[in-house]
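Asker: prediction below, plus the sequence it came from.
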Amino acid sequence: MISRACLASLFIVVISMLGVDAHADGGAVRWRESAGAFTVTVFTSPDPITAGPIDVSVLVQDRADGAPMLDGLVTLRLASLSDVGDADRMLEATATHDAATNKLLYATWVDVGAGKWALRVVIQRGDERSTLDVPLSVVPATTRLTEYWPHLLLPPLAILVFILHQCLVEPGRASA
Amino acid sequence: MSAVASAVLESWTMPPAIVIPALTIALLYVRGVRRVRTQMPAHFPGWRVAAFLAGLVMLVVALASPLDAFGGLLLWAHMLQHVILMLVAPPLLLLGAPGVPLLRGLPGSIAKDAIGPFLAARRLRRVADWLTHPVCGWLALVGSTWAWHVPAAYQLALRSPGWHAAEHACFVAAALLFWWPIVQPWPSRARWPRWTMLPYLILADLQNTLFSALFTFSGRVIYPFYATVPRLGGVTPLDDQVAAGAIMWVPGSIVFLVPAVLVMAGILGPRSRTEPARVVARLRDEGRTNRRFDLLDVPLIGWILRRRLSRRLLQAVLLVLAAGMVIDGLLGPQMSPMNLAGVLPWTYWRGLTVVALLAAGNLFCFACPFMLPRALARRLALPPLRWPERLKSKWFAIALLVAFLWGYETFDLWDSPRWTAWLIVAYFVGALTVDTLFKGASFCKYVCPIGQFHFVQSLVSPLEVSVRRPAACADCQTHDCLRGNERARGCELDLFLPRKVGNLDCTFCLDCVHACPHDNVGILAGAAVRDLVRDAPRASIGRLSRRTDVAVLALMLVFGAFAAAAAMVGPVRTWQEAVAGRLGLASSKPIMSVMLLAILVPAPIAFSWLAEVSARALGVQPITRELGRRFALTLVPIGLTMWVAHLGFHLFSGWDSVFPVAQRLLLDVGWRRAGIPNWTSGGMGLSGPHLLGVEILLLDVGLLLSLYTMWRTARASVPRVLTAFGAMLPWASMAVGLYCAGIWTFLQPMQMRGMVMH
């Protein structure tokens, strides 16, 4: 029966579109600076940063030889600088290797609103502690629909394919 | 191994979007090859299978390994990824001659009904011929290579995951076209003489050499992106670029030249002949005799399901959990996320049962704990009465279901462990009372609101309890599946298997499986959606087109799915509070109550009437009430997917919420080693945006299945295409309206309201 065909095809299409990657993937280099004993690179995604959940990833390297530092504790503190909306909002999150795709990075997701934010990255390894301040400018998300357009495109596309299928199956009956 | 090397090797992304399709394709291919081999043992030697599977593995390596994770930091890693995607994986895939095995791996109906028309369409075949022409293949590979490596395009892909995926898809597609005339996968035929493949490959190698030389000898960084990223291992951006060029140059040239040598050897060697047309025809004929999947034939699972003890054990487990919920609900803390009665039923049970309905079937009724005390009671005394004829419908259950859905929102059942506990107790008492007094499974069939929910939703489930060989039933005189025998009782819901259609009223108790002396009952695939289209007389149910109660039940559950989700979102709550404020009410509860009752009962009925009237106004004939009832059932798929999206959201976002509750329980009973509960739920690692994507896709599937069943229903009832379209139009509009409402609901901030702690 074609119903099974439809179900199976839909299943494969949906699975292919899932893209459920719970990990952060780095993104664009937002800031790079030497702080204390470390050279720190901050990546953010999406680019440009839009209101909503964003991925912040941090690469910490030894300032002397550039070797990645993997045994530290990386904390992100975000403070809203906006006068409206998220005014005075503070966020804190711990970035971890588990949350990162590239295990050299420390990553986490944070939910930010539109406007100016101050991101403070605090890196601690033993007694060594360094901080880094990164300004973030978050643009308003036009609408969340735009983020999910491939998902929303599936029904019209499937309907088009089905119409084509029906025209092929019963070409003479379409105008009956 | 150093910590850095270990971290690098652990950087596998394994995205489901890559891994699951790769596994699915591998399974289909292996299944297809096994079938093809039964007719042509020599045609698919082991090396073909190995090549195809190796091609899939190489795709996964390119897209899910550390190569992908480091592609944004190291150009050579990115270039190696491209070499695998263009020059390694595609020829391996084509060497597996995947066309016929993949078709044969699919269920016969899919290959024939869904894909067949496309394969047979002349225009599409002409397009395919054009695409697989050597000129097209060569230009596709060379064009995509140069176009995507223009700095602007390459950097766009580096910055945007979407464009990066498009770039990779373009590479793989172009490479498949390029390698097609060289590999010439069976049963395709060569368009050009074989010797032409030598200049084809050599010209491709020449352009590759030129391309690689640009990278190697450029002397400046071609992609500024790589100059801005942190450098790893002391490699400068220019060194990185030279390494990338060398990777393209040396291994790339080998990949072009080795096939050239093999082509030459083939030209000089002896010829082999194949008979593609005859073989394909034979395969087509053989494909018509495919057997349906039977869950009872699956090793281990089938064995477990066939044991009657399995059901009892599952029921006993759920009974113990229910007892735990009642005790904790009555005596434990009255904060829902801290109580078993707050977490188990509302986060886990609801989510798992709807996911099971969509993925398999009515598994909850199979393990229903309410039936266990009843079974024990019936060992003591048999019920004396028959269920009253007047009440042999779904109306009583519909009333209970409306009351439950209304009460759930109005009295915040999710946030009241005590009321939840009493509800469970009431359910046990109700089931025991009804089934102690009345014969058969009267409670399941006519009273149980949970059962009705599962019966209706399981119309969309992919598995059904069904007869394996109808011919065997034609000779059966005893009808043990209905009447029972010394081994097992027959169907208590009066479903006579030879005339059973779909899952409506089936509790998956498997009594019929145990009772059938011919071992002729299985759990077969293929029920999904089809049963919504068919209007055959159903055992103990009759035609669905004559069952107003079933149509109303279905509509109520569909509208209920959207109402229950909408009731959770911020703007709806704000609106209710605003209306309550305007009316001078202290609470918004009355507004919520009225809204829910209006959506559950009058709205679906009013819409059905409107659909009938508008179809008549459009001159669509014949529009009958029977057809309206059938259309009502076609909305079930979108309703089920909305339930799955909504309840699955709670399930996945609060997946680990039972652990601190269990710790708290253990601490309460004095087991100090249980540790301090961490009341913050971490979910399943799926962040909000990812869950939202899954929710939208689920609703997409629901909408498409609903529209498809509407079309099939209309075409089965109305001969003319335009008339059929007119008949389904009001219902299709409703489905699209519900879809839009669902998408709007998903995009609103969700109020978790005591389900989990964040």
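Answerer: Ah, there it is. Predicted model only: the values in this text are computed from it and were never measured.
Asker: quick check: closest non-adjacent residue to the residue of the stretch 201-350 of chain B found nearest chain A.
Answerer: At 4.5 Å from chain A, residue B:230 is the closest residue in the stretch 201-350 of chain B, using C-beta to the nearest C-beta. The way it works is simple: take the backbone N, C-alpha and C, and place the C-beta from them, glycine included. Closest residue in space to residue B:230, ignoring its immediate chain neighbours: residue A:41 at 4.5 Å, by C-beta to C-beta, 6 or more residues apart in numbering or on different chains.
Asker: that neighbour falls within a helix, correct?
Answerer: No - assigned with DSSP: H, G, I helix; E, B strand; the rest coil, residue A:41 falls outside any helix and is strand.
Asker: run a quick neighbour tally on residue B:12.
Answerer: If you count neighbours by other C-beta atoms under 10 Å in any protein chain shown, residue B:12 ends up with 17.
Asker: any idea how far the closest residue to residue A:115 other than its chain neighbours lies from residue A:120?
Answerer: Leaving aside its sequence neighbours, residue A:115 sits nearest to residue A:82 (C-beta to C-beta, 6+ apart; 3.4 Å). In this view, residue A:82 and residue A:120 are 17 Å apart by C-beta to C-beta, to the nearest Å.
Asker: equivalent analysis for residue A:32, please.
Answerer: Distance of residue A:32 to residue A:120, given as C-beta to C-beta: 16 Å.
Asker: next: residue B:396.
Answerer: Counting by C-beta to C-beta - residue B:396 and residue A:120 are separated by 63 Å.
Asker: ditto for residue B:493
Answerer: Where residue A:120 is concerned, residue B:493 sits at a distance of 64 Å (C-beta to C-beta).
Asker: of these two, which one has the most company?
Answerer: Using other C-beta under 10 Å as the criterion, residue B:493 and residue A:120 rank with residue B:493 on top: 24 against 14.
Asker: my guess is that one contacts residue B:443, does it?
Answerer: No - taking C-beta atoms under 8 Å as the definition, residue B:493 is not a contact partner of residue B:443, at 10.6 Å.
Asker: what does residue A:63 show for phi and psi?
Answerer: Reported as degrees, to the nearest 10, the phi and psi values for residue A:63 are phi -70, psi -30.
Asker: contacting residues for it?
Answerer: Contact analysis of residue A:63 by C-beta atoms under 8 Å, 6 or more residues apart in numbering or on different chains lists A:34, A:36-39.
Asker: quick one: residue B:463 and residue B:522 touch, right?
Answerer: No - if you go by C-beta under 8 Å, residue B:463 and residue B:522 don't touch, sitting 9.6 Å apart.
Asker: element containing the residue of the stretch 201-350 of chain B closest to chain A, please.
Answerer: Using DSSP states H and E, residue B:230 falls within no helix or strand.
Asker: how close does it sit to residue B:69?
Answerer: Relative to residue B:69, and taking C-beta to C-beta, residue B:230 is found at 14 Å.
Asker: got it, and residue B:591?
Answerer: Between residue B:591 and residue B:69 the computed distance is 51 Å (C-beta to C-beta).
Asker: the two: which has the busier surroundings?
Answerer: residue B:69 (24 against 20).
Asker: contacting residues around that one?
Answerer: A:25, A:101-103, B:11-13.
Asker: ok, now with 10 Å
Answerer: With contacts defined as C-beta atoms under 10 Å, 6 or more residues apart in numbering or on different chains, residue B:69 is in contact with A:23, A:25-26, A:100-105, B:8, B:10-13, B:77.
Asker: what does residue B:268 give?
Answerer: Applying C-beta under 10 Å, 6+ apart, no residues qualify as near residue B:268.
Asker: what's the burial count for residue B:294?
Answerer: Neighbours of residue B:294 (other C-beta under 10 Å): 16.
Asker: let me redo that: residue B:710
Answerer: Using other C-beta under 10 Å: residue B:710 sits among 27 other residues.
Asker: does residue B:597 belong to a helix or a strand, and which?
Answerer: Per DSSP H and E: helix B:589-600 holds residue B:597.
Asker: centre-most residue in chain A?
Answerer: Note on chain A: the residue nearest the mean C-alpha position is residue A:55, at 4.3 Å, using C-alpha atoms, centre = their mean.
Asker: okay, now the unreliable bits of the chain?
Answerer: Since no chain was named, I'll use chain A. Low-confidence segments of chain A, defined by pLDDT under 70: A:1-26, A:84-87, A:142-144, A:171-176.
Asker: to clarify, I was referring to chain B.
Answerer: For chain B (pLDDT under 70), the answer is B:1, B:269-291, B:527-528, B:618-623, B:680-689, B:749-758.
Asker: pick out the residue of it closest to chain A.
Answerer: Counting by C-beta to the nearest C-beta, chain B gets nearest chain A through residue B:114, at 3.2 Å.
Asker: what about that residue, distance to residue B:650?
Answerer: From residue B:114 to residue B:650 the distance is 34 Å (C-beta to C-beta).
Asker: now do the contacts for the closest residue to residue B:96 other than its chain neighbours.
Answerer: In space, not counting the residues next to it along the chain, residue B:96 is nearest to residue B:52; the distance is 2.4 Å by C-beta to C-beta, 6+ apart. Residues near residue B:52 by C-beta under 10 Å, 6+ apart: B:25-26, B:29-30, B:33, B:44, B:92-98, B:101-102, B:185.
Asker: what helix or strand does residue B:267 sit in?
Answerer: Residue B:267 belongs to helix B:237-268, assigned by DSSP H and E.
Asker: which parts of chain B are strands?
Answerer: B:463-467, B:521-525 (DSSP state E).
Asker: so which of those is the most packed in?
Answerer: The highest mean neighbour count among the strands of chain B, using mean count of other C-beta atoms under 10 Å in any protein chain shown, belongs to strand B:463-467: a mean of 24.
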